[in-house]
Every structure is written in C-alpha cells, then in structure tokens.
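Novice: just to be clear, the model below is a prediction. Sequence and coordinates:
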Protein chains: 2
Amino acid sequence: MVLFRRLLGDVLRSRRVEQGRTLRQLCAEARVSLGYMSEIERGQKEASSELLAAICAALDMPLSELLSEVSDAVALEEAAMALRLEQVTTTELPGPSAGRSTGGEVVASAA
Amino acid sequence: MVLFRRLLGDVLRSRRVEQGRTLRQLCAEARVSLGYMSEIERGQKEASSELLAAICAALDMPLSELLSEVSDAVALEEAAMALRLEQVTTTELPGPSAGRSTGGEVVASAA
C-alpha cells in the first residue's frame, strides 16, 4: 500500500535539505515542535491541513507544488509495485503448461 | 489559507458522483463509517493515509491521480487568492504615480 504521509515526508525533507535549512530552523518558522516535524518527515505522523499550509509557507513552496511532487513520487511507487506484482505473478503462476504436478504450491494472485 | 482537506473532499465527492455511486455504497466498499466519509467529503475531517488508500481502491483511482487532481484544484485556488490580493493592494495602495488628478479611474489589472 502506498502511503501518502511517507511520500509527503520524503518530499518535505528533500525540499528542506535543498534549501540548506535545519529541522530546527524550519520548525521555528512553521511553529511546529521539533519532534512532531521530525515524525512528519519520516512519514510516521499525519500532518493536518493547517500544518501543511504552515510548512509550505515556511518552505516558500505553494501547496499545489508540494502535492504535485508527492503525486509524482506516488506514481513512481505505484509503477514499481505493479511491476513487482507482475514479476511475482509471472514467476509463481507460470500457467497450465509449466506443470507442477509433483506437489507445487498454489499461490494466490492479486492481478 | 488553502486547506488540503477541503479540496481533497471536493475531488473525492466529484469522482464518486461521476461514477453514479452513493455515499453508502462507497463507505461499504472502503469500510469507513457513513458519518466520517461524509465529513471527509465536506472537508471537515482529515483522512489518514490508510483511509485515503482504501478510498482510492474503492473508487478504482490511483492515489497519484487523486493527488494530481487535488494539486490542480489547489493551484486554481492559489491563483484566485493571488488575484484577489493583487486587486485589494492595487485599490488600497495605488502608489505615487497613480494620480487621480484628471478624475480618471484607476482600475486594478489582473493581467
């Protein structure tokens, strides 16, 4: 499952690091506690919409741009997951002609 | 302030209505209570990342697509806010050269 908060955290951290700012500096500007912001960047806590707006303002980044970047990151992960699923399906369910008549396991397919 | 949850709710509701599905049907599939889902669609409650994933699955819509649509909606609202701000600024702070000596009206331009 692709989780919004994890990719959001990745994008927020990248943007902050790109700007050469510490977590402490950003937290002071966005008026959020260091521990909470750290958990958001690590994808461990959900950020409220008000907090997202404050973080965007502190990063000088429109919310639309943040969401667009997160959408791109999510799309990449969705594609990677689809690829892995396809590989698993191809490897473990080779079709009727591959004969596992000697005790092969039946693996559930999510396709 | 542009709030993520409000635009998210708008996009989710539009997509559900487009599919001709009732709130009740969607809730049953996403395993979320009717009251909670209704509040999410009205932008009154934040949805957790797990719930977002479940709603996307129920709507047969990749999370990346949802976020991209919300990003577009947010961008429109940001542009509208910037426009309103510009109009207010131009009207209330016309600047030294705007002279109204000939009685001509100074009209705020959004271009």
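Specialist: Sure, I can see it. Numbering: from 1, shown residues only, chains lettered A, B, ... in the order given.
Novice: what's the longest helix along chain A packed up against?
Specialist: In chain A, taking DSSP state H as the definition, the longest helix is helix A:63-92. Where contact means 3 or more Cβ pairs under 8 Å, 6 or more residues apart in numbering or on different chains; DSSP states H and E, helix A:63-92 is packed against helix A:4-18, helix A:49-59, helix B:63-92. (Glycine included, C-beta is placed from N, CA and C.)
Novice: any part of the second one near chain B?
Specialist: Think helix A:49-59. Yes: counting by Cβ under 8 Å from any Cβ of the partner chain, chain B has neighbours in helix A:49-59: A:49, A:50, A:52, A:53.
Novice: give me the buried entries from those.
Specialist: Among the residues of helix A:49-59 next to chain B, those buried by neighbour count (16 or more other Cβ atoms under 10 Å in any protein chain shown) are A:49, A:52, A:53.
Novice: next, count neighbours for the residue nearest to the second one when sequence neighbours are not counted.
Specialist: Nearest non-adjacent residue to residue A:52, counting by Cβ to Cβ, 6 or more residues apart in numbering or on different chains: residue B:4, 5.4 Å away. Residue B:4: 26 surrounding residues under other Cβ atoms under 10 Å in any protein chain shown.
Novice: can you lay out the residues of helix A:49-59 next to chain B as a markdown table showing distance to residue B:23?
Specialist: As requested, these are exported to a markdown table (distance: Cβ to Cβ, whole Å):
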| residue | distance to residue B:23 |
| --- | --- |
| A:49 | 21 |
| A:50 | 26 |
| A:52 | 26 |
| A:53 | 27 |
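Novice: tell me the secondary structure for residue A:44?
Specialist: Following DSSP: H, G, I helix; E, B strand; the rest coil, we place residue A:44 in the coil state.
Novice: what's around it, how many residues?
Specialist: 12.
Novice: got the angle for the helix or strand bottoming out on mean pLDDT in chain A vs helix A:4-18?
Specialist: Lowest on mean pLDDT, DSSP states H and E among the helices and strands of chain A sits helix A:63-92, with a mean of 93. With axes from the mean of the first three to the mean of the last three Cα atoms, to 10 degrees applied, the angle from helix A:63-92 to helix A:4-18 works out at 120 degrees.
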